[in-house]
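S.K.: this one's structure only:
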């Protein structure tokens with residue numbers, strides 16, 4: 001699939017392309033149209049605390065993360081951040097509203113100002 005967008009003069013500009021695998025009717029299709037070099041992200045773990053457990057089947061912990069998102073573009077951008085979180089988890093604290101998209105997936109829609117940066121932080125508790 002090829003995707004085009006109109007520029008300021010109304011002309012079609014190529015945005016990107018991707019292939020589509022076999023997809024059942026009614027299911028969501030995701031396209032990766034390219035890589036942005038002017039929007040970047042750096043994620044790091046900021047804390048970890050074991051709460052209980054002695055084995056992989058009986059384990060609880062709290063873990064914190066920080067993600068710095070930078071936008072070098074002259075216009076604002078919105079970035080969708082996806083974080084895979086294992087086990088049965090609860091978001092304890094987050095600097096921005098999140099959505100629990102699936103049992104193991106949290107997401108944020110982060111707006112980054114033109115030529116600016118935003119730091120997204122979160123603390124999650126999980127158990128297996």
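M.R.: Good, I have the coordinates. Only a predicted model underlies this, so the values are computations on that prediction, with no experimental measurement involved. Numbers count the residues shown, from 1 in each chain.
S.K.: for the chain, just list every one of the helices.
M.R.: Assigned helices in the chain: none (criterion: DSSP state H).
S.K.: tell me what the most centrally placed residue in it is bridged to.
M.R.: Centrality entry for the chain: nearest residue to the mean C-alpha point is residue 81, 1.4 Å, by C-alpha atoms, centre = their mean. Here residue 81 sits in beta bridges with residue 108, going by DSSP bridges.
S.K.: from residue 96, how far out is it?
M.R.: Computed as C-beta to C-beta, to the nearest Å, the residue 81 to residue 96 distance reads 9 Å. Yep, even glycine has a C-beta here, placed from its N, CA and C like the rest.
S.K.: overlap in contacts of those two?
M.R.: Between them, residue 81 and residue 96 share these contacting residues under C-beta atoms under 8 Å, 6 or more residues apart in numbering: 108, 110, 120.
S.K.: read off the pLDDT value for residue 119.
M.R.: pLDDT recorded at residue 119 is 98.
S.K.: who does it bridge with?
M.R.: The partner residues for residue 119, given DSSP bridges, come to residue 68.
S.K.: lowest average confidence, helix or strand, in this protein?
M.R.: When the helices and strands of the chain are compared on mean pLDDT, DSSP states H and E, strand 12-17 comes out lowest with a mean of 70.
S.K.: burial count for the residue nearest to residue 48 when sequence neighbours are not counted?
M.R.: Nearest residue to residue 48, sequence neighbours excluded (C-beta to C-beta, 6 or more residues apart in numbering): residue 63, at 5.0 Å. The local packing of residue 63 (other C-beta atoms under 10 Å) involves 18 other residues.
S.K.: OK, contacts around residue 63?
M.R.: By C-beta under 8 Å, 6+ apart, residue 63 lies in contact with 45, 47-49, 123-124, 126.
S.K.: is it true that residue 2 touches residue 20?
M.R.: No. Residue 2 lies out of contact with residue 20 (C-beta atoms under 8 Å); the separation is 11.4 Å.
S.K.: gap between residue 44 and residue 77?
M.R.: Residue 44 is 21 Å from residue 77, by C-beta to C-beta.
S.K.: picking up where we left off before, distance to residue 38 and neighbour count for the shared contacts of residue 81 and residue 96 - can I get that in a markdown table?
M.R.: Converted to a markdown table, the shared contacts of residue 81 and residue 96 look like this (distance: C-beta to C-beta, whole Å; neighbours: other C-beta atoms under 10 Å):
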| residue | distance to residue 38 | neighbour count |
| --- | --- | --- |
| 108 | 20 | 19 |
| 110 | 15 | 19 |
| 120 | 18 | 21 |
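S.K.: many thanks, I have nothing further to ask.
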